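Q: give me a model of this one.
(chains A and B)
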Amino acid sequence: MVSREQIESVLGRIRPMMQADGGDIELVDVLGNSAHVRLTGMCAGCPSAHMTLYMGVEMALREEIKDFAELVVV
Amino acid sequence: MKTPGAFSPDNVVVGHSARMRAIFDFVKVVSKSDSSVIITGESGTGKEVIANLLHHSSSRRHQPFVAVSCALFSENLIETELFGHERGAFTGAIKDKPGRFEMAQGGTLFLDDIDDVPLSMQVKLLRAIQNRTVERVGGTRSINVNVRVITGSKKDLRKMVADGNFREDLYYRLNVLPIVLPPLRERREDIPVLTDFFFKKFARARGIDTPTVSPAVRYAFNRYRWPGNVRELENACERIVQTCSCGTVRTGCLAAGVLFGAGDPVPSPAAAELTVAAPTAVSLDDRLREVESNLISWALKVSDGNKSKAAELLSIKRSTLGDRITRCGLQEPAPGEEPAAGPAPVESELAASA
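A: As a prediction, the model looks like this:
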């Protein structure tokens, strides 16, 4: 079972930079071993930001958290 | 006619770093000579750019510039590639083919990845460079070649010589005028000017206005390690320009690798580079607190929140750690989540150990 803290600690590594740009990646929910996140702020509507964060953040979560299953951008 | 990818000395970004300026001054001086140049640098640092610049600043600039990577060819192929072959020299050799040395006649030959040339071929290369003649494979006559040889290497050839992987005689023949290109992470002051140059270049190619770049992106670019050096930076900029839909480059546009790389271990604008050119006031106390809180976060992370283990990692007392966590404003985990393994905190030590 993946904990909220584990996910937050990974997101925390990139969050200050995203916040500096008026955006954020918000952890909405943890369901089982999956995390639901939401992009907010300036980059929220950008398809390419969506895409790269989707892939990149999920990869980082999988690397750092053994049992991590998938990232869902809601 | 100029192709889009064609080299032009105007497209070379010099940058502000003293090291690069010294290199460009050196290039100006040695471009007048015909002596061998060896350019050493990590992948992506711009070895071919410098070779090109040398050629285009020399009196040979109206003659051909031939660049060839020695890593591309197998041991057998490299000889025919460099020296050419005669018709009938081997199966499939249906006509005479000049080698790269001949193709560079009068001009400059850039042999990149010289560190990948097998020992057996090194002898032949030495002979060709020393005597300024080549013999085609399967041929008997010597062809005079007037070329300036520039070599590129990822590895330190001196070390390869010491290890017996590179011929000493060839090394000394090549190593007349050495140029060592620094990795991008060692000349971070050049990152902004390179970034602007690449954004401008790719935006023009795509026919859009040059995007503005947010300070957070600049900060991330400055913090990232750039293992692929300038080539990686160039590709990162190209990728962003191709996908940007709003005209402003923000952190959301960055590849996650750059973002996470820049955010490691814990990002904070206070940790920005200390520059000599544009000095700003720094708070020593803030910096120290930052280092402290980075290390504590790390220790808590690797010990899964177990403070006794974390304290052991940091070589401090368990009670001191508690104190420092509070002082750094790091959040204490909820009581129920703290592993029970640690000994009870010794309260009396709190004040004394700070």
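
Q: what does stretch B:175-191 rub up against?
A: The contact list for stretch B:175-191, computed with Cβ atoms under 8 Å, 6 or more residues apart in numbering or on different chains, reads B:13, B:15-17, B:19-20, B:23, B:26-27, B:30, B:33, B:35-42, B:44-47, B:50, B:157, B:194, B:221-222, B:225-226, B:229-230, B:232-233, B:273, B:275, B:277. Backbone N, C-alpha and C define where each C-beta goes, glycine included.

Q: okay, and which of those map to strands?
A: Among these, the members falling in strands (DSSP state E) are B:V37, B:I38, B:I39, B:T40.

Q: can you add neighbour count, distance to B:L174 and pLDDT and give those residues back as CSV?
A: As requested, the ones in strands among the contacts of stretch B:175-191 are exported to CSV (neighbours: other Cβ atoms under 10 Å in any protein chain shown; distance: Cβ to Cβ, whole Å; pLDDT from 0 to 100):
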residue, neighbour count, distance to B:L174, pLDDT
B:V37, 26, 8, 95
B:I38, 22, 5, 95
B:I39, 26, 10, 96
B:T40, 21, 11, 95
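
Q: distance to B:Y172 added to these, as JSON lines?
A: Listed next are the ones in strands among the contacts of stretch B:175-191 as JSON lines, based on distance: Cβ to Cβ, whole Å:
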{"residue": "B:V37", "distance to B:Y172": "14"}
{"residue": "B:I38", "distance to B:Y172": "11"}
{"residue": "B:I39", "distance to B:Y172": "16"}
{"residue": "B:T40", "distance to B:Y172": "15"}
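
Q: ok, and which of these reach chain A?
A: When contact is defined as Cβ under 8 Å from any Cβ of the partner chain, the ones in strands among the contacts of stretch B:175-191 do not meet chain A at all.

Q: of all those residues, which two lie farthest apart?
A: Taking Cβ to Cβ as the measure, those span a maximum distance of 10.5 Å, between B:V37 and B:T40.

Q: list the residues that contact B:N144.
A: B:R132, B:T133.

Q: tell me the phi and psi of it?
A: Phi and psi for B:N144, reported as degrees, to the nearest 10, are phi -70, psi 130.

Q: do the helix or strand that contains A:V10 and chain B meet?
A: Here A:V10 sits within helix A:4-20, counting by DSSP states H and E. Yes - Helix A:4-20 reaches chain B (Cβ under 8 Å from any Cβ) through A:E5, A:S9, A:G12, A:R13, A:I14, A:P16, A:M17, A:M18, A:A20.

Q: what average pLDDT does the very next helix or strand once past that helix get?
A: Next along the chain after helix A:4-20, taking DSSP H and E as the criterion, comes strand A:23-31. In this model, strand A:23-31 has an average pLDDT of 89.

Q: returning to what we had before: now the contacts of stretch B:175-191: which count as buried?
A: Buried by 16 or more other Cβ atoms under 10 Å in any protein chain shown: B:15, B:17, B:20, B:23, B:26-27, B:30, B:36-42, B:44-47, B:50, B:157, B:194, B:221-222, B:226, B:229-230, B:232-233, out of these.

Q: what comes up buried for the helix or strand of chain A with the lowest mean pLDDT?
A: Ranked by mean pLDDT, DSSP states H and E, the weakest helix or strand in chain A is helix A:47-64, scoring a mean of 82. Applying a neighbour-count criterion of 16+ other Cβ under 10 Å, one finds A:S48, A:A49, A:T52, A:L53, A:Y54, A:G56, A:V57, A:E58, A:A60, A:L61 buried in helix A:47-64.

Q: quick check, the last one in contact with A:V72.
A: No - counting by Cβ atoms under 8 Å, no contact exists between A:L61 and A:V72, whose distance comes to 11.5 Å.

Q: what do the two both touch?
A: Common neighbours of A:L61 and A:V72 (criterion: Cβ under 8 Å, 6+ apart): A:A35.

Q: next, B:Y172: phi, psi?
A: phi -70, psi -30.

Q: wait, what's in contact with B:I143?
A: Going by Cβ under 8 Å, 6+ apart, the list of residues near B:I143 reads B:E102, B:T133, B:V134, B:E135, B:R136.

Q: wait, B:A89 touches B:T140, no?
A: No - using Cβ under 8 Å, B:A89 makes no contact with B:T140, being 11.1 Å away.

Q: more crowded one of these two?
A: Between B:A89 and B:T140, counted using other Cβ atoms under 10 Å in any protein chain shown, the more crowded position is B:A89 (16 against 7).

Q: nearest residue to whichever residue of chain A sits closest to chain B other than its sequence neighbours?
A: Nearest residue of chain A to chain B: A:G56, at 1.7 Å (Cβ to the nearest Cβ). Closest residue to A:G56 apart from its sequence neighbours, by Cβ to Cβ, 6 or more residues apart in numbering or on different chains: B:A256 at 1.7 Å.

Q: quick one on the thing from earlier: of the buried residues of helix A:47-64, which pair is most distant in space?
A: Across those, no pair lies farther apart than A:S48 and A:L61, at 20.0 Å, counting by Cβ to Cβ.

Q: run a quick neighbour tally on A:K66.
A: Other residues near A:K66 come to 9 when the count uses other Cβ under 10 Å.

Q: show me what contacts it?
A: When the contact criterion is Cβ under 8 Å, 6+ apart, A:K66 has no partners at all.

Q: that one - that's part of a strand, no?
A: No - counting by DSSP: H, G, I helix; E, B strand; the rest coil, A:K66 falls outside a strand, being coil.

Q: roughly how far does it sit from B:G44?
A: Separation of A:K66 from B:G44 (Cβ to Cβ, to the nearest Å) stands at 33 Å.
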